[in-house]
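**Q** Sequence first, predicted model second:
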Amino acid sequence: MIDRRGTRHISPTHVAARAAVTFLTLAAVGTGCTGGSEQTANAKTPPTSTASPGTGAGHTLVARNGIAAGQITIPGAEPEDGQWIRPAKDYASTRFSGLDQITTANASQLKLAWSFSTGVLRGQEAAPLVVGSTMYIVTPYPNILYALDLSKPGGPAKWKYEPQPLAAAQGVACCDVVNRGAAFADGKIFYNTLDNQTIAVDATTGKEVWRTQLGDINHGETITMAPLVVKGKVLVGNSGGELGIRGWLTALDAKTGKVAWRAYHAGPDSLVRIGPRFKPFYKTDQGKDLGVTTWPPDKWKQGGAGAWGWISYDAALNLIYYGTANPGPWNPEQRPGDNKWSSTTFARDPDTGEAIWAYQVTPHDLHDYDGINESILLDLPWKGQTRRVLVRPERDGYVYVQDRTTGEVLAADTFGVVNSTLGVNLQTGRPAVNQEKEPQMGKVVREICPASPGTKDWQPSAFSPRTGLLYIPHQNLCMDVEPVEANYIAGTPYVGMNVKMYAGPGGHRGVFDAWDPIARKKVWSVTEDFPVWSGALVTAGDVVFYGTMDGWFKALDARSGAILWRAKLGSGIIGQPVTYRAPDGKQYVAILAGVGGWPGAIVSAGIDARDSSAGLGIANAMRDLPNATTKGGTLYVFGLP
Amino acid sequence: MRTRTYLRRWGRVAAICALGLALACEREKRRFNDASPSAPAYAAVTLDTLQPGVPSPELTVKSPSEGNAYDIAQGKQLFEQWNCSGCHSHGGGGMGPPLMDNEWIYGSSPENIVATIVEGRPNGMPSFRNRITANQLWQLAAYVRSMSGLEAKAPSPGRNDEMQYKVDEQRTPFRTPRASASKTLPAKSERP
């Protein structure tokens, strides 16, 4: 299935065969017939049937983890300070904590230390922050910021800050009114509100320092992402690829809140901040004003491509890395052309915003494959040398390994069921589109994998330098689609696609994978009934954490995938687990529980699945979620006794 | 005697047919297009069932589109064209609440629905004032009601124009509006 150019080709039969193999493996594990001696060679706990009865989770150990520690290094890694000051933990976006009190040996003893209700019952996607002896949490709309005192038993609130965003903003938030968290720098907490404001709050007093309006709900804009603070600049991008926005990334002065620069993701080069320093690796990303010429006349002005995901930063190269969202409308027949710079990875100079390179992951997107996922920065041994790479498990179903100095794609391997493309051509950088799965007006195209949320959506993965593995929470959904004409009415949806999603091959909707970026394959894999919409966390105790949409918070052995511990929380989990050392010197793990987000809106927003196109087609795949969980909004903190 | 029975029987049939035809006329009635933007007719509609003391007299504005097959069909198309379906999907909701269930935050009567479209609502429903004509507003309201079976079966749309994402409105059962703010909850005998 790999051709001479190293391109992986996946035929539908291959997909089916693989699904069958997975199924058989699952069956084998389920009956205790593990067979392979290699599988048990390294694992202390037997990898057989790690799922406890009734979890609905299966577990497959695909290969032995054979990576020696220290082969892969994290650029700019700093000594562990026990804090968690930005959602991704470090600038390389590893979500790896050096704390090691909680280990594979004692994780089974984890107990609830305390909990805190946010009072908001919508999808809780935020990562709690820990700065010194204070924890900060941001709620979904109305975006309340709480400061909790970790030096006192039970984490009582020190203060709360209410920005009072416009209630009307709820009407232009595509997929629940979520917020992905705040960032700490220079004594301030920075975060965004649903109605397009970036706010700086004094971390000690809870007093507002500045607020800046960056967008307009009447043009469909919202902000849901967590900002990143780099060299005194707060980096913020907008959401609204389903509402015909013009996507951008904006840098604000952290001291004053003044806009330092803004780079649009479509339009002439001057607006995209493409200049003499711009050196994209691939031919199709080179040329003048591609942000105009790859669109029908003027359509770039409403072409989507926000930046609602994650930003990474390499201090040595002085570059930020982030991806842009899907083009609008979803109906691809209304926007012939590559539609640059949608679904694109950008490397930019954080001081000036200038683009250094760009790589359009999905030219002329057909299936709402945003390109906003996290880029994990690693220094990786690659064919005899160390390459400075970024690794990105992408929405289109491939794990991309890219040289982060040039944008060259070194590898692109599928980590889920993919039939919408037939591999990525490493010579041209372009995916081979499967014409059979291309949406056409007046036609229903069936069984497209992955579905619109992709093999993986926003939910961030984690990387451990100790195991050399990337831990990827993701989903297994496919879909039927039918394009219809989208009308552009500012501030209203601009989609033009009827979608109906369902579980992919195997019948499970969620997967949690451990991926070896050097061997380019899965090391172990756990299946979950519902999409795994929570982020991942991995620690120096070799414990990896994630949550499920039916409310289980789980700890797994990072090397084997064996389940060590789990706790049932009050509502489904779609948040980002974090760990920290409290003033009492002990390590704790914190997670917000509160179902919602795109797949969870069937609970948090009461979507009615009798219409299988509801919630942009995801309601159909999630129709049993309301039986499994209810709304919530509570922070849970666990520690050792 | 036999002739009389015969006449009586056929007379009854004729009367039923005439009534049916009359109703069918109503169902297929066309009107001149009232293109005035955002009809003020709903202006006096009361949203709240809680009115201190004696309730005010009810508003007597009648939707010209109620029970009219042509208007409901138009409403179904307008529902797509005005991007209502972008938020409410085909009744199941998404960015906006579902319309095919029995929850009516701002009332289920045609006047309530027209008022909601024109005024907008504070938690995300946009105001379409001066954007949608009076005629289209009533057509939209009638179609929205048909999504939960509040319109009579006969004039409700009997097919979906697109992918089969749900049963058509004609086959949607009547879903009694729950704890409704609407004043026009029909008596059981009047229900479609």
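**A** Thanks, I have it.

**Q** Okay, and the beta partners of A:A590?
**A** Bridge pairing for A:A590 (DSSP bridges) gives the partners A:V578, A:V637.

**Q** Just the buried residues of stretch A:375-390, please?
**A** Residues A:375-380, A:382, A:387-390 are the ones in stretch A:375-390 that count as buried (16 or more other CB atoms under 10 Å in any protein chain shown). C-beta here means a position set from N, CA and C on the backbone, and glycine is covered the same way.

**Q** Tell me the one among these nearest to A:R246.
**A** Comparing the buried residues of stretch A:375-390 against A:R246 with CB to CB places A:S375 closest, at 23.1 Å.

**Q** check contacts around the most centrally placed residue in chain B.
**A** Taking CA atoms, centre = their mean, the centroid of chain B lies closest to B:A142, which sits 2.5 Å from it. With contact taken as CB atoms under 8 Å, 6 or more residues apart in numbering or on different chains, B:A142 is in contact with B:63, B:65-68, B:71-72, B:75, B:110, B:151.

**Q** ok, which stretches of chain A are helices?
**A** All helices of chain A, identified by DSSP state H, fall at A:12-30, A:37-41, A:269-272, A:290-293, A:597-604, A:625-628.

**Q** Export the contacts of B:A142 to TSV and append columns for pLDDT, distance to B:M163 and neighbour count.
**A** Listed next are the contacts of B:A142 as TSV, based on pLDDT from 0 to 100; distance: CB to CB, whole Å; neighbours: other CB atoms under 10 Å in any protein chain shown:
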residue	pLDDT	distance to B:M163	neighbour count
B:S63	89	30	22
B:S65	94	26	28
B:E66	93	29	19
B:G67	94	28	19
B:N68	96	27	24
B:D71	97	24	29
B:I72	97	21	26
B:G75	98	20	26
B:P110	91	28	28
B:E151	95	23	29
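
**Q** Most widely separated two among these?
**A** Using CB to CB, the contacts of B:A142 span at most 12.3 Å, a distance reached by B:G67 and B:G75.

**Q** returning to what we had before: how about the secondary structure of the residue nearest to the centre of chain B?
**A** Of the three states, B:A142 takes helix under DSSP: H, G, I helix; E, B strand; the rest coil.

**Q** Stretch A:453-464: end-to-end distance?
**A** This stretch, stretch A:453-464, spans 26 Å end to end (CA to CA, to the nearest Å).

**Q** so how far is it from its chain's centroid?
**A** Taking CA atoms, centre = their mean, to the nearest Å, one finds the center of stretch A:453-464 at 4 Å from the center of the full chain.

**Q** before we move on, what about stretch A:106-119?
**A** In terms of CA atoms, centre = their mean, the centre of stretch A:106-119 is found 24 Å from the chain centre.

**Q** That stretch: which residues count as buried?
**A** A:107, A:110, A:113-116, A:118.

**Q** follow-up on the earlier one: for chain A, see how far away the residue nearest to the centre of chain B is.
**A** Taking CB to the nearest CB, to the nearest Å as the measure, B:A142 falls 19 Å from chain A.

**Q** next one: B:K166
**A** B:K166 sits 4 Å away from chain A when distances are taken as CB to the nearest CB.

**Q** which residues sit in contact with that residue?
**A** By CB under 8 Å, 6+ apart, the contact set of B:K166 is A:610-613, B:90-92, B:100, B:160.
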